[in-house]
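Participant: A predicted structure for the sequence below; I have some questions about it.
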There are 2 protein chains.
Amino acid sequence: MTDDSLDALTAALRAELPADSVITDPDRLESYRHDMARFCPAGTPAVGVQARATADVQHVLRVASRLRVPVVPQGGRTGLSGGANAVDGCIVLMLDKMNRIIEIDAPNRVAVVQPGVFNATLSAAVAEHGLFYPPDPSSWEISTIGGNLATNAGGLCCVRYGVTSDFVRGLEVALADGEVLRTGRRTAKGVAGYDLTRLFVGSEGTLGVITEATLALRPPGLEPRTVAALFPTVMAAGDAVARVVAGGQVPSLLEFMDQSSLRAANAYRNMGLPEHAAAMLIAQSDGPRAADDIAAIAARFTEAGGFDVVEAEDAAEGDLLLAARRESHFALEALGACLTDDVCVPLSHLADFVHQVEKVALDVDLTIAIVGHAGDGNLHPNVMFDAAKEDQVARAIRAFDEIMRIGLEMGGTVTGEHGVGTLKRDWLARELGPVSLRVHQDLKRLFDPAGILNPGKVLAS
Amino acid sequence: MTDDSLDALTAALRAELPADSVITDPDRLESYRHDMARFCPAGTPAVGVQARATADVQHVLRVASRLRVPVVPQGGRTGLSGGANAVDGCIVLMLDKMNRIIEIDAPNRVAVVQPGVFNATLSAAVAEHGLFYPPDPSSWEISTIGGNLATNAGGLCCVRYGVTSDFVRGLEVALADGEVLRTGRRTAKGVAGYDLTRLFVGSEGTLGVITEATLALRPPGLEPRTVAALFPTVMAAGDAVARVVAGGQVPSLLEFMDQSSLRAANAYRNMGLPEHAAAMLIAQSDGPRAADDIAAIAARFTEAGGFDVVEAEDAAEGDLLLAARRESHFALEALGACLTDDVCVPLSHLADFVHQVEKVALDVDLTIAIVGHAGDGNLHPNVMFDAAKEDQVARAIRAFDEIMRIGLEMGGTVTGEHGVGTLKRDWLARELGPVSLRVHQDLKRLFDPAGILNPGKVLAS
């Protein structure tokens, strides 16, 4: 971008925005360049805008459309696929100051929020009304609802309660031309027109910018009971998951950690987790029959060869186990570079998938630590490598790709909850096939004819 | 359509379809003209095609695109909005013979089906595997999964389990040009690309023709417990619903019948239902704590002024109460013409909505029998009239419109589960507003540039 175009851009933005909302200081812009993904290109923004209202977003989009400048929306920048990474010469549109909980309507079990609210903030606020917002990505304390919506984030509670999109009733979206679209509704049911809400959820800012969301809440589960077990092999752990599902249990959480991730958790926070087993499963039930559920799940664990099957004595002990699981991304990152995959496979392939990933690890001679939401078949193999060693980097990328190939071959998907961003763009095309890819491109062109909305994310620009 | 064009059309269709799949006999075509809606225009088809495979559907769409002939997909023709009504000179595309359950994959809790399978057939088949397909529109014995998908059908179980779209993992869709698109996936979670699955569910055949669906199943609930209560006023019944929801109970079913609908049920099948109350509520719980839930719900009913609060002695007695509710559309139709509305309002407005509908009934001097899925705020006011009396017809239509206006004013939607068809096309435009309507029209043009897919349904053609 030339100095003249930059001046024209900032002047146009400042015409309807407070001076301090438009950021041009290179040091500050530097900090807005990327999310938490690795190996994703991050450009240099021309300017940053701190939006404080929907009207600010509309103004940015109108200016961007007129001057043909890319707009990259950002929330907490905790994404793992590069979806929030800047592109050269873009406007970075920060939504984290649009962080108002507009309304909690307890009788109708609905919350209306701006996109910049942290997931944890919303959860705490609705808890005060005796309500529960289930989607809980591991990043929940530092990720925003807007980012959760953009990626259709999952989490630990999904196995029982569903993912982010299952809790979205309606959206306010600023379109590329600055018009405001309202999708969906406030009611529990509704079939008036096409499901535009779901089209925007998970679209990673490539079709519009979400400026408000109407979210469904539910009554909380009871205090969960927790059971954990160790397994001699990952196959045995996979078998245990299949048995739990076949047995008709619906745990509120069913998580997997392999030996490498248990070791990483101990190294990170000295948690005293067992390290002598190939894998650990952690299950919770928060239903009214929690004790029975947990007993049944424990029995399935044992049948599958699980040992040291222990029920947490109280909620605090259960929380400790879960903390290890929730923090595993950070624990692994602390050990060195880590490339996190996010494949979801049909449950019947879970054990075999883990087994195949172990073979990949041997093949590339790198550690691959596997954690994940076993009850949904959604696993995160983390390829560990030394970023300073070119050869290891190449092998890590090879392993990462190979893991997705294996997942697809089993009828799985290349991303269960982290999104596509730039990291998995080529793999998305492979998963979709030519007809679906063409439909995706057509939709992108329809909503973003000038190609200004987060270009290059999800689809090649 | 001229004789020459008709000949060209049938010849083109027969080129790749068995002779008996292409129907031109006017008597048979007459029977394919309309669904179960009233006051919806039904044209005369040029030809009918009985599809037996996806390839048949593709061929029909290719021919239709080339010759610019409208295609109207049909399943069980049980719709209530005219969505399956023929338009003049169209190809009626019957999918009821594509009725194969392709696969029931119990370990992964998934079924793959063709669109012509009856909902009840699928439910019975998965029950044999110890599984449960929850969406249960009242028409479930005679409506097809394809029709359920096209309208995103609801039903009685929604209050706990969700609507049709909540159980769709992926679709095979024949596009206007005859290409086959695969959407979604088989896994429990997945965020690879835009949510095309949801875009097609509920689009009433205006964006493509669904030729296969991958559906999620779940373990069945336990045998349900049932409680029913009578109420002196509809306001009291509305209050009871609000209390149940506020109390944190999640019934598996919470249904409302007013006095007129109770009388109609008795007249239809001599069911011995009480007729001296203003309204009845029926609740079920199929959870592991069903007895406690039902006791709690009974207490809420009593607090709100309910009387004759009775628990069904056994499942058979519960089924009888529900049969009355499920058959209410037919019971009301048996009394004369009946125009069924389908408004969904926020739960806190439920009592007031019923009250306002009663005022409308007085105003137009017609009986309006109200039944509905109270736990979701989704009510069906049925305007009763004598179709032979022009004046009554006019008043019925006025009442029907007024009911939607009231629903919208309360933050509701004009259709909770029946769909738009032609019946509510103008009201849809009003509910959506200009920006959303424009986006709908843009999407329609994108997927159906020649305007051959069920034209005039949902959106004006």
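Facilitator: On my side now, so go ahead. Residues are numbered from 1 along each chain as shown, chains lettered A, B, ... in the order given.
Participant: Please make it C-alpha for all contacts and neighbour counts, starting now.
Facilitator: Noted.
Participant: List, one by one, the residues from the stretch 251-400 of chain A near chain B.
Facilitator: Proximity of the stretch 251-400 of chain A to chain B is confined to A:288-289, A:344-348, A:376-378 under the rule CA under 8 Å from any CA of the partner chain.
Participant: mind listing the helices in the stretch 301-450 of chain A by residue range?
Facilitator: With DSSP state H, counting those that start in this stretch applied, the stretch 301-450 of chain A shows helices at A:315-326, A:328-334, A:350-364, A:390-409, A:425-447, listed in chain order.
Participant: These: lowest mean pLDDT?
Facilitator: Within the helices of the stretch 301-450 of chain A, the stretch with the lowest mean pLDDT is helix A:315-326, showing a mean of 85.
Participant: So what's the gap between that one and the chain middle?
Facilitator: Here helix A:315-326 is found 20 Å from its chain centre; the criterion is CA atoms, centre = their mean, to the nearest Å.
Participant: re earlier: got TSV for the residues of the stretch 251-400 of chain A next to chain B, with pLDDT too?
Facilitator: Shown next, in TSV, are those (pLDDT from 0 to 100):
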residue	pLDDT
A:Pro288	75
A:Arg289	79
A:Cys344	97
A:Val345	97
A:Pro346	95
A:Leu347	92
A:Ser348	91
A:Asp376	94
A:Gly377	95
A:Asn378	97
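Participant: most surrounded residue in those?
Facilitator: If you count neighbours using other CA atoms under 10 Å in any protein chain shown, the busiest of those is A:Cys344, which has 35 neighbours.
Participant: what's the closest of the helices of the stretch 301-450 of chain A to A:Val49?
Facilitator: Comparing these against A:Val49 with CA to CA, the closest turns out to be helix A:425-447 (21.9 Å).
Participant: Run through the neighbouring helices and strands of the closest one.
Facilitator: strand B:180-184, helix B:425-447 (3 or more CA pairs under 8 Å, 6 or more residues apart in numbering or on different chains; DSSP states H and E).
Participant: measure A:Ala242 to chain B for me?
Facilitator: Taking CA to the nearest CA, to the nearest Å as the measure, A:Ala242 and chain B are separated by 7 Å.
Participant: For the closest residue to chain B within the stretch 351-461 of chain A, give me its contacts.
Facilitator: The nearest approach of the stretch 351-461 of chain A to chain B comes at A:Gly416, 4.0 Å away (CA to the nearest CA). Taking CA atoms under 8 Å, 6 or more residues apart in numbering or on different chains as the definition of contact, the neighbours of A:Gly416 are A:154, A:342-344, A:378, B:189-192.
Participant: need the helix or strand of chain A with the lowest average pLDDT.
Facilitator: When the helices and strands of chain A are scored by mean pLDDT, DSSP states H and E, helix A:315-326 comes last with a mean of 85.
Participant: quick one: buried residues of it?
Facilitator: Using 16 or more other CA atoms under 10 Å in any protein chain shown as the burial criterion, the residues of helix A:315-326 that qualify are A:318, A:321-322, A:324-326.
Participant: What of stretch A:218-233?
Facilitator: If you call a residue buried by 16+ other CA under 10 Å, then stretch A:218-233 has these buried ones: A:218-219, A:221, A:224-233.
Participant: Same question for stretch A:128-145.
Facilitator: Buried positions in stretch A:128-145, judged by neighbour count with 16+ other CA under 10 Å: A:130-140, A:142-145.
Participant: Can you give the distance of it from its chain's centre?
Facilitator: On CA atoms, centre = their mean, the centre of stretch A:128-145 falls 12 Å from that of its chain.
Participant: got it, and stretch A:360-378?
Facilitator: Per CA atoms, centre = their mean, the displacement of stretch A:360-378 from the mean C-alpha position of its chain is 18 Å.
Participant: now the strands for the stretch 201-350 of chain A?
Facilitator: In the stretch 201-350 of chain A, strands defined by DSSP state E, counting those that start in this stretch lie at A:209-216, A:225-231, A:253-258, A:279-285, A:307-311, A:337-340, A:343-344, listed in chain order.
Participant: can you tell me which of these comes nearest to A:Lys359?
Facilitator: Taking CA to CA, strand A:253-258 is the member of the strands of the stretch 201-350 of chain A nearest to A:Lys359, at 14.3 Å.
Participant: between the closest one and strand A:279-285, how big is the angle?
Facilitator: Here strand A:253-258 runs at 170 degrees with respect to strand A:279-285, directions being taken by axes from the mean of the first three to the mean of the last three CA atoms, to 10 degrees.
Participant: Neighbouring strands of strand A:253-258 in the sheet, and parallel or not?
Facilitator: In the sheet containing strand A:253-258, the strands it pairs with under DSSP bridges are strand A:279-285 (antiparallel), strand A:368-373 (antiparallel).
Participant: Mind listing residues that contact it?
Facilitator: Contact partners of strand A:253-258, identified using CA under 8 Å, 6+ apart, comprise A:156-160, A:234, A:278-285, A:325, A:369-375.
Participant: Could I get the buried residue list for that strand?
Facilitator: Going through strand A:253-258 with 16+ other CA under 10 Å, the ones that come out buried are A:253-258.
Participant: I'd like the residues you listed laid out as CSV, including pLDDT.
Facilitator: Listed next are the buried residues of strand A:253-258 as CSV, based on pLDDT from 0 to 100:
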residue, pLDDT
A:Leu253, 94
A:Leu254, 96
A:Glu255, 96
A:Phe256, 96
A:Met257, 95
A:Asp258, 94
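Participant: Enumerate the residues of the stretch 51-200 of chain A near chain B.
Facilitator: Within the stretch 51-200 of chain A, the positions near chain B by CA under 8 Å from any CA are A:106-108, A:151-152, A:163, A:166, A:179-183, A:185-196, A:198-200.
Participant: same thing but 6 Å
Facilitator: For the stretch 51-200 of chain A, the contact set with chain B under CA under 6 Å from any CA of the partner chain comprises A:108, A:181, A:187-192, A:194-195, A:199.
Participant: just those residues now: which is nearest chain B?
Facilitator: When those are ranked by distance to chain B (CA to the nearest CA), A:Gly190 comes first, at 4.0 Å.
Participant: related to what we said a few turns ago, where's the dip in pLDDT among the buried residues of stretch A:218-233?
Facilitator: Ranked by pLDDT, the buried residues of stretch A:218-233 bottom out at A:Gly221, which has 83.
Participant: Read off the pLDDT value for the nearest residue to that one once chain neighbours are set aside.
Facilitator: Leaving aside its chain neighbours, A:Gly221 sits nearest to A:Asp286 (5.1 Å; criterion: CA to CA, 6 or more residues apart in numbering or on different chains). A:Asp286 is assigned 88 on the pLDDT scale.
Participant: how close does the nearest residue to A:Pro70 once chain neighbours are set aside get to A:Val209?
Facilitator: Across the structure, with CA to CA, 6+ apart as the measure, the residue nearest A:Pro70 apart from its sequence neighbours is A:Ile452 (4.1 Å). Distance of A:Ile452 to A:Val209, given as CA to CA, to the nearest Å: 11 Å.
Participant: repeat for A:Asp314
Facilitator: When A:Asp314 is compared with A:Val209 (using CA to CA), they lie 43 Å apart.
Participant: Compare neighbour counts for these two and give me the winner.
Facilitator: More neighbours surround A:Val209 than the other of A:Asp314 and A:Val209, with 33 against 12 (other CA under 10 Å).
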